[in-house]
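S.K.: have a look at this prediction, sequence included:
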There are 2 protein chains.
Amino acid sequence: MPRTIGVLGGGQLARMLCEAAGPLGIPVAVLDQPGCPAMQCNPSALNVFGSFKDAARIRELARRVDVLTVETEHVNVDVLEEIATVGVDVPTLAGEKKKTKKIVPVHPSWRTLRLIQNKFDQKEHFFKHGIPIAPQMALSEGAGGDALEESMQMAASNFGFPFMVKAKRDSYDGRGNFKVAGQADFARAAEALGARALYAEQWVPFVAELSVMVIRTEDDDGKLTGVYSYPVVETVHEDSICSLVFMPPRTTSGGGGAVTPETCAAARRLAEKTASSLWGRGVFAVEMFVQHDGTLTVNEVAPRPHNSGHLTIESTPYMSQFKAQLYSVLDMIPPRRENEGNFLVPRVKQAVMVNIIGGAHASSHLPLVELAGSDVFLGTSVDAYLHMYGKEARPNRKIGHVTVTSATESQETLPLAAAAATLIDTAAAIRRDRLAADTSSSSSPSLVSPPPLVTVTMGSDSDMPVLKAGLDVLARFGVPFEVRITSAHRTPLLMMRLGQEAAARGVRVMIAAAGGAAHLPGMLASETPLPVIGVPVKASQLDGVDSLLSIVQMPRGIPTATVGINNSTNAALLAIRILGSYDPLYLSKMETYMRDMATEVEGKAAELERIGYADYLGTRLGK
Amino acid sequence: MPRTIGVLGGGQLARMLCEAAGPLGIPVAVLDQPGCPAMQCNPSALNVFGSFKDAARIRELARRVDVLTVETEHVNVDVLEEIATVGVDVPTLAGEKKKTKKIVPVHPSWRTLRLIQNKFDQKEHFFKHGIPIAPQMALSEGAGGDALEESMQMAASNFGFPFMVKAKRDSYDGRGNFKVAGQADFARAAEALGARALYAEQWVPFVAELSVMVIRTEDDDGKLTGVYSYPVVETVHEDSICSLVFMPPRTTSGGGGAVTPETCAAARRLAEKTASSLWGRGVFAVEMFVQHDGTLTVNEVAPRPHNSGHLTIESTPYMSQFKAQLYSVLDMIPPRRENEGNFLVPRVKQAVMVNIIGGAHASSHLPLVELAGSDVFLGTSVDAYLHMYGKEARPNRKIGHVTVTSATESQETLPLAAAAATLIDTAAAIRRDRLAADTSSSSSPSLVSPPPLVTVTMGSDSDMPVLKAGLDVLARFGVPFEVRITSAHRTPLLMMRLGQEAAARGVRVMIAAAGGAAHLPGMLASETPLPVIGVPVKASQLDGVDSLLSIVQMPRGIPTATVGINNSTNAALLAIRILGSYDPLYLSKMETYMRDMATEVEGKAAELERIGYADYLGTRLGK
């Protein structure tokens, strides 16, 4: 029985985790918003919709899985600690009486996640474990800007200029960092970052940034059983976002002059030592700076699959960083034995990864996608691999990547980086375009109108005024729908065909309105296996009671979902709830609608309290 | 705007096609039954549920996509011809008036599919194109077995014994074939195959079976623009099912003594010639026999990705047979230029594929899965890749495969086949087990009870007798459900929590029953965004009209789906219809239920006609 892995977060890292898990038969449940990249290829009934910072949703995920992992360190660690130590309530069928607790292991450990969330503490920890870091000092958290600037002055005298001011928490992709070049920058840094806990860090004059992915394994008692480092890569950041990754690092001019094979070997040892100092199983990205003389300094650790490890999908295809995450979390990687080498030998000679980053326009990145998917490399010893994430293109957003590799047997002297130059140039052009525009994406309209999810039909066009309110609701919720006229009595065959064909046409719900001897909803229900919602229309006699009873009192076997007389609004809302029972997009829209409705009533209640009922009647209700 | 590919069939071939398409950003829509392997990783809103032989469903798929392809040749070719030549009706929004036709290309061509469906015609076609086949003759299709045996006698004098008798159509995995060793077999062959159109084929004394995958491209006018063959593989069949594939073919003892490099080169040329003689774009498997002297004979062609091409996922990772299918169907493979070589160079030295075939028991295959997923190859130059198809294990069913490869730089002399020996041995053990048992699978029960999809709640346990019929319906349809008691008036907080938590717990629909001032369904609806079905329970007064109106006449904004008084059966059926609007499993169960209901009424009508109304009243209704 394969164990199920729960993942907090459903972005591209979780998506590629799911892509790796599918062929291995490993079930994965994702916690994230509807339509996220991971759920597009992992439509598991165990997925949980919501925020990966929401305690209730995390607990629900824990109930459904055997082990938890993350695709981001910016999660609710307190809840993860609780789940891994105290456990999560498991409801019994009776439900409310006896509660049992289920402990769900969390990998990497919540301990690691908590430490990593605070970059200052993280590096203090490494320093204590003899891992080289850039000297750092906490800055004053006093209320006034003066105390902060004073402590910056102290940092300047300790470290000299320039130095970095960084936020301890919630800093990523360069956000939360400020380079202080001189005293004039103190106020600007305070202005930019002041409201947060800060620290100063000595500037490292690096010639290249390196990253080493490490697989860390431990037994269920938390005892370290192995660390395995992947080959060293060089990362290139532009606009504080990773844009390129080179394996091996470039050793000639252009950034990495000091990255000798000896430096690479030292970097792997350092990365393994760094990962060893942490807790839990999984893959860890150890990011470091290398200086001109080969000196290495650990910058930070990402306790999860990482952009710098994407090329492992092709370079160590038998054990990509995603497969490694699955295997290590499930404890399927064997303990490292004495005198046993690292098994992570690449199957390609070189690899270069180019991120596909959203440009100024929704189509800016397409030339890069087309180039990656084209035949330019066919018949050469260089292979190109496109990875799209199923994300909408927005400026500065990572929406895919391309990895190019060169075969191990290739005799060509042309470096892969040169072969990949067109890709790199195209990515650079997209970036220039983006920087020039510096605007938010103008999303291009979809060219295909989606097939209708809801069919609205009526017995006669005289029912249309009653249906209008419901049609407006469907339009407001963005539901693709169609409107028909099919009378049960005047066009019975047309009505039957509509019912018979609906499901195959992709329709999910039918709404039918009729008055008097109101047969349409029930007759439709007899022709389709889909849910049919009946709207009783008030006809000229009997106040609509005839319509209501004709619709609601269907014989056993053929149900209709009946709403109030003339209440097409509720019919539309019910249809949207039915869509929402499976489609998270409509579920969240319904939640928003209900919240707005509550807020509106609360507003009215407050107003009534403020002005009194007599004025309210006059000003609000005109009575 | 990427074009959407529609695939007839959603088995493992379509699944691996989807696995390839996802990272490439190529949208795929699948036509097959709910829960099929492909839909498990491709939850596209464009998928169509139904049989890939059903004309209406194929047309619906055509409406949604830009180009059609197949994962099996056993499809409805007439409809594909119609769609590719005459086109398919595209409904306009008004729907019934003006019809427009949309032509959707089909690749490979319907011409190829029609030819391939008839194995005799297929080989006649090859013969005409100068492609070597085993001599064959059609057998008499006369009504009596005598004519058939007479023509077998003629075949015997033409071909000698043994010879093969084969069905012209619908024969695959060895079904529809009979080896005739002597005259005594005539009657047995007639008995086994007699009702079908048959042909006789000279026995080919082969030493190995080879297969060559070919990519075939042509322009939109049907002009051939390129054929590219993959490296030759040797296939091994056991029980008429492909079980092992070797790349390159084994050249030593054990089956393939005559497969020299020259024979491989000839096989590739022959395969390219064979594919050239057909029509349309896509990948084609050309299966052939090789005799002791290296003579090649084409046996049959599969016009689609094929079991013998699975190892291309790892051996030519930049262009697996699945990526090649996507690219060729979309015409993204460039025309072959003069003097240009074949670009399909493998990136591994050797590869062996072992099918995972269901054994005697549901767990028989697990040792093979575990071995493939284990660490036995880590640290060697041999890599193992597991591919599970998301299929239930049944005897003789292909449910996954393992490919092992050896790196190109490997200096080891140990052949990969020897390294893979444990895999092959394990597969053989499963087969022996299956043959020994020769029984249908005893499926093991699931160990995890699924979370409830439907919550049924009532205001008081006195409502239970009314709900019982509905609960029975849910149980009969196999819907996971839970039953609660939550009174809107006596336990309002409990009721609210039930509503608030339901969606996050994975519940899709709620059913609430109440009588009198029946507030429970409406109050629940105010706490959950899910659809709530209200069952009005007939209380002591007013015949249930009070309950009905309390439930159905909800204010605008908060809908309830109301069913007839005391009609919990319809509430349950409506809940199942709601599940079925997204979950094809329940949609098809509902269709079956409705068909059965119709059949039952038809049976009663026939009985009434037979015995007359007076007898019917007496014998059937006891009146």
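M.R.: Nice, thanks for sending it over.
S.K.: what does stretch A:542-554 contact?
M.R.: A:514-519, A:521-522, A:525, A:534-539, A:560, A:562, A:565-566, B:548, B:552, B:562-565, B:567, B:570 (CB atoms under 8 Å, 6 or more residues apart in numbering or on different chains). (Each C-beta comes from the backbone N, C-alpha and C, glycine too.)
S.K.: can you rerun that using 6 Å?
M.R.: For stretch A:542-554, the surrounding residues in contact (CB atoms under 6 Å, 6 or more residues apart in numbering or on different chains) are A:515-518, A:521-522, A:534, A:536-538, A:560, A:562, A:565, B:562, B:564.
S.K.: would you mind checking which of those residues is nearest to residue B:368?
M.R.: For the contacts of stretch A:542-554, the residue nearest residue B:368 by CB to CB is residue A:560; the value is 51.3 Å.
S.K.: mind checking pLDDT for that closest one?
M.R.: pLDDT for residue A:560: 95.
S.K.: need the contact list for it.
M.R.: By CB under 6 Å, 6+ apart, the residues touching residue A:560 are A:521-522, A:525, A:532, A:534, A:551, A:554.
S.K.: in which helix or strand does residue A:517 reside?
M.R.: In the assignment (DSSP states H and E), residue A:517 maps to no helix and no strand.
S.K.: got the phi/psi numbers for the closest residue to it other than its chain neighbours?
M.R.: Once flanking residues are discounted, residue A:517 sits nearest to residue A:550: 5.8 Å by CB to CB, 6 or more residues apart in numbering or on different chains. Here is the backbone geometry of residue A:550 (degrees, to the nearest 10): phi -60, psi -30.
S.K.: could you do residue A:492 as well?
M.R.: For residue A:492, the backbone dihedrals (degrees, to the nearest 10) come out as phi -60, psi -40.
S.K.: okay, it and chain B: tell me how far apart.
M.R.: Using CB to the nearest CB, to the nearest Å, residue A:492 is found at 15 Å from chain B.
S.K.: same check, this time on residue A:612
M.R.: Counting by CB to the nearest CB, the gap from residue A:612 to chain B is 25 Å.
S.K.: tell me the secondary structure at that residue.
M.R.: Here residue A:612 is recorded as helix under DSSP: H, G, I helix; E, B strand; the rest coil.
S.K.: in helices only, show me the contacts of residue A:560.
M.R.: A:521-522, A:525, A:551 (DSSP state H).
S.K.: neighbouring contacts of the lowest-mean-pLDDT helix or strand in chain A?
M.R.: One helix or strand of chain A scores below all others by mean pLDDT, DSSP states H and E: helix A:416-419, with a mean of 71. With contacts defined as CB under 6 Å, 6+ apart, helix A:416-419 is touched by A:350, A:352, A:382, A:406.
S.K.: same question for stretch A:270-279.
M.R.: A:109, A:111-112, A:129, A:131, A:212, A:214, A:216, A:224, A:227, A:229, A:284, A:286, A:296, A:298.
S.K.: any low-confidence regions in chain A?
M.R.: Residues of chain A meeting the criterion pLDDT under 70: A:1, A:91-98, A:142-145, A:172-174, A:251-257, A:337-340, A:408-415, A:417, A:438-450, A:623.
S.K.: quick one, longest strand in it?
M.R.: strand A:206-218 (DSSP state E).
S.K.: alpha carbons of the following helix or strand past that one, as PDB, please.
M.R.: Per DSSP H and E, the first helix or strand lying C-terminal to strand A:206-218 is strand A:224-229. Once non-C-alpha atoms are left out, strand A:224-229 reads as follows in PDB (Å, rounded to 0.1, in the frame of the first residue of the first chain):
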ATOM      1  CA  LEU A 224      21.100  11.300  10.500                       C
ATOM      2  CA  THR A 225      21.700   8.300   8.200                       C
ATOM      3  CA  GLY A 226      23.000  10.000   5.000                       C
ATOM      4  CA  VAL A 227      23.700  13.100   3.000                       C
ATOM      5  CA  TYR A 228      24.200  13.000  -0.700                       C
ATOM      6  CA  SER A 229      25.200  16.100  -2.700                       C
END
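S.K.: ok, is strand A:224-229 in contact with chain B or not?
M.R.: No - residues of strand A:224-229 contacting chain B under CB under 6 Å from any CB of the partner chain: none, with a closest distance of 9.5 Å.
S.K.: quick one: strands adjacent to that strand?
M.R.: Partners of strand A:224-229 in the sheet, by DSSP bridges, are strand A:206-218 (antiparallel).
S.K.: and for the partner strand, what's in contact with it?
M.R.: Outside strand A:206-218, the residues that touch it by CB under 6 Å, 6+ apart are A:224-230, A:232-235, A:255-259, A:267-268, A:271-272, A:275, A:281, A:283-292, A:308-309, A:321, A:324, A:328, A:333.
S.K.: how many neighbours does the residue in the stretch 151-300 of chain A that chain B sits nearest to have?
M.R.: Here the stretch 151-300 of chain A gets closest to chain B at one residue, residue A:228, 9.5 Å apart by CB to the nearest CB. Residue A:228 has 23 neighbours, counted by other CB atoms under 10 Å in any protein chain shown.
S.K.: list the contacts for the closest residue to chain B within the stretch 51-200 of chain A?
M.R.: Chain B sits closest to residue A:60 of the stretch 51-200 of chain A, with a gap of 5.3 Å, by CB to the nearest CB. Taking CB under 6 Å, 6+ apart as the contact definition, residue A:60 lies against A:48, B:504.
S.K.: surely it is in a strand?
M.R.: No - under three-state DSSP, residue A:60 falls outside any strand and is assigned helix.
S.K.: so how far is residue B:457 from it?
M.R.: Remark: distance between residue A:60 and residue B:457 (CB to CB, to the nearest Å) = 20 Å.
S.K.: now do residue A:297
M.R.: Residue A:297 is 61 Å from residue B:457, by CB to CB.
S.K.: go on, residue A:595?
M.R.: 23 Å.
S.K.: rewinding a little: adding neighbour count and distance to residue A:485, write the contacts of residue A:560 out as CSV.
M.R.: Formatted as CSV, the contacts of residue A:560 follow (neighbours: other CB atoms under 10 Å in any protein chain shown; distance: CB to CB, whole Å):
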residue, neighbour count, distance to residue A:485
A:521, 30, 14
A:522, 23, 17
A:525, 29, 18
A:532, 32, 16
A:534, 30, 16
A:551, 32, 18
A:554, 23, 22
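S.K.: coming back round to it: out of the ones in helices among the contacts of residue A:560, which is nearest to chain B?
M.R.: The closest of the ones in helices among the contacts of residue A:560 to chain B turns out to be residue A:525 (CB to the nearest CB; 8.3 Å).
S.K.: make a PyMOL selection of the buried ones in the contacts of strand A:206-218.
M.R.: Buried members of the contacts of strand A:206-218, defined by 16 or more other CB atoms under 10 Å in any protein chain shown, are picked up in PyMOL with:
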select buried, chain A and resi 224+226+227+228+229+230+232+233+234+235+255+256+258+259+267+268+271+272+275+281+283+284+285+286+287+288+289+290+308+309+321+324+328+333
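S.K.: now, the contacts of strand A:206-218 that are in helices?
M.R.: Going by DSSP H, the helices hold A:267-268, A:271-272, A:275, A:321, A:324, A:328 from the contacts of strand A:206-218.
S.K.: any chance you could map the helices in the stretch 501-623 of chain A?
M.R.: Per DSSP state H, counting those that start in this stretch, the stretch 501-623 of chain A carries helices over the ranges A:520-527, A:545-552, A:568-582, A:584-619.
S.K.: deepest-packed of those, please.
M.R.: Per residue and on average, the most neighbours among the helices of the stretch 501-623 of chain A fall to helix A:568-582, with a mean of 27 (mean count of other CB atoms under 10 Å in any protein chain shown).
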